[in-house]
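> Pasting a predicted model and its sequence here:
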Amino acid sequence: MFTLDSVFDEIRQILGIHDEKVVFSKVTQAISILANGGELDGWTGYLDLCTHSGGTCITLPREVGAVLAIAAGGQPLIGRDFLFQFHLNGMAGLKPVPWSWVDTGGSFATFSEFLFPTKIYATSTSSADDNKQLTVFGFDDAGRPLGRNVSGEWVPGIQVVIKDPPVMTDELVSRITSVRKPKTVGSVSLLTREYGSDDGVVLGVYEPDETLPQYRRIILGTPANWVRVAYRKRVSEIRSKYDHIPLASRTALISMIQSLKFRSEDNLPVALEFEADARRLEAEAQAALSSNLARPLQIHTADALTEEPALEA
């Protein structure tokens, strides 16, 4: 692993580009192509998360690309496809069978759902964001789409002002389907309040560069208080010469940049040669860092197919 500054001048010379933003974009593209080549060291992460919705659901942070494995309360679970709900031995509605988890996709704008319709508000960690606005889409307490009057016309979505002290919305919100956020200086929290309480309940925490929050949500077949998730990281955009490059080989990155250069010149045969060389170099570097460990078969016993395991608290 290395930082971009160690190869930045060489990359800029290959591309013949002096605009740093364009160079960062090309490096991001190169990393993305190499990352799609397999399970690489540096691209796997682990999370311990508390569950919500009665211990049957988790919402994953933005850096999660694909879920590789889940253990609930210390007990490994089997992953199922979302379409498994239509299998004869599958789910009843959206409830997975015991010992399993289901990935419902990455289109959720909040960490959790409302228990009942309520007003919402937003705050930021920086006062420089005061009076900026989130646009929240969803449904009100009567099941009608959220909207507002703009110059005599109905426009989808309501405005939530970022402010401290907070400014509550006039509308009661029952479900949020999407959130649009401007770029901010600080992290922005979208909150609501439980009935009869002045304490804020967090619906989402959005980083300064997030403009369209979208998170993956996992449904658990066996309730638990916490889960451990192994995941494949999403490719992050390179924004600085000092950003971390999650590759094992500097030469692989250089070869991939050469490939992109020839691809932009419509010289596809040479571009593919450089790409193949880049993949080989990265695979060899990864292999040199890996131990030769066995991954045995997983076997269900007869009881395991019918009984739920006892999970840790």
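Perfect, I can see it now. Residues are numbered from 1 along each chain as shown.
> Show me where the stretch 1-150 of the chain dips below the pLDDT cut-off.
When residues are selected by pLDDT under 70, those of the stretch 1-150 of the chain lie in 38-39, 89-96.
> can you give me the helices in the stretch 101-250 of the chain?
For the stretch 101-250 of the chain, applying DSSP state H, counting those that start in this stretch gives helices covering 250-264.
> Can you check the distance spanned by stretch 228-240, start to finish?
End-to-end span of stretch 228-240 (C-alpha to C-alpha, to the nearest Å): 31 Å.
> what does stretch 85-100 give?
Termini of stretch 85-100 sit 12 Å apart (C-alpha to C-alpha).
> got the angle for the lengthiest helix in the chain vs helix 250-264?
Identified as the longest helix of the chain according to DSSP state H is helix 268-289. For helix 268-289 against helix 250-264, the angle by axes from the mean of the first three to the mean of the last three C-alpha atoms, to 10 degrees is 160 degrees.
> in helix 268-289, what's buried?
271, 274-275, 277-279, 281-283, 285-286 (16 or more other C-beta atoms under 10 Å). (Each C-beta comes from the backbone N, C-alpha and C, glycine too.)
> Looking at those residues, which is nearest Gly152?
Each of these was scored against Gly152 by C-beta to C-beta, and Ala271 proved nearest at 54.5 Å.
> picking up where we left off before, nearest to Glu210, out of the buried residues of helix 268-289: which one, please.
Among the buried residues of helix 268-289, and counting by C-beta to C-beta, the member closest to Glu210 is Glu282, at 29.5 Å.
> Let me see the contact set for that closest one.
Residues in contact with Glu282 (C-beta atoms under 8 Å, 6 or more residues apart in numbering) are 34, 37, 40, 247-249, 252.
> can we see that at 6 Å?
34, 247, 249, 252 (C-beta atoms under 6 Å, 6 or more residues apart in numbering).
> And for Leu134?
So Leu134 contacts 122, 160, 179, 181 (C-beta under 6 Å, 6+ apart).
> now Tyr242
Taking C-beta under 6 Å, 6+ apart as the test, what Tyr242 contacts is 3, 5.
> Distance of it relative to Thr3?
Using C-beta to C-beta, to the nearest Å, Tyr242 is found at 5 Å from Thr3.
> Also Ala224?
Using C-beta to C-beta, one gets 38 Å for the distance from Ala224 to Thr3.
> again with Gly65
22 Å.
> More neighbours: which of these two?
Set side by side, Gly65 and Thr3 show more neighbours around Gly65, with 17 against 13, by other C-beta atoms under 10 Å.
> before we move on, which element is that one in?
Following DSSP states H and E, one finds Gly65 within strand 64-72.
> Partner strands of whichever helix or strand comes after that strand and their direction?
With elements assigned by DSSP H and E, the helix or strand that comes after strand 64-72 is strand 75-80. Using DSSP bridges, strand 75-80 pairs in its sheet with strand 64-72 (antiparallel), strand 100-103 (parallel).
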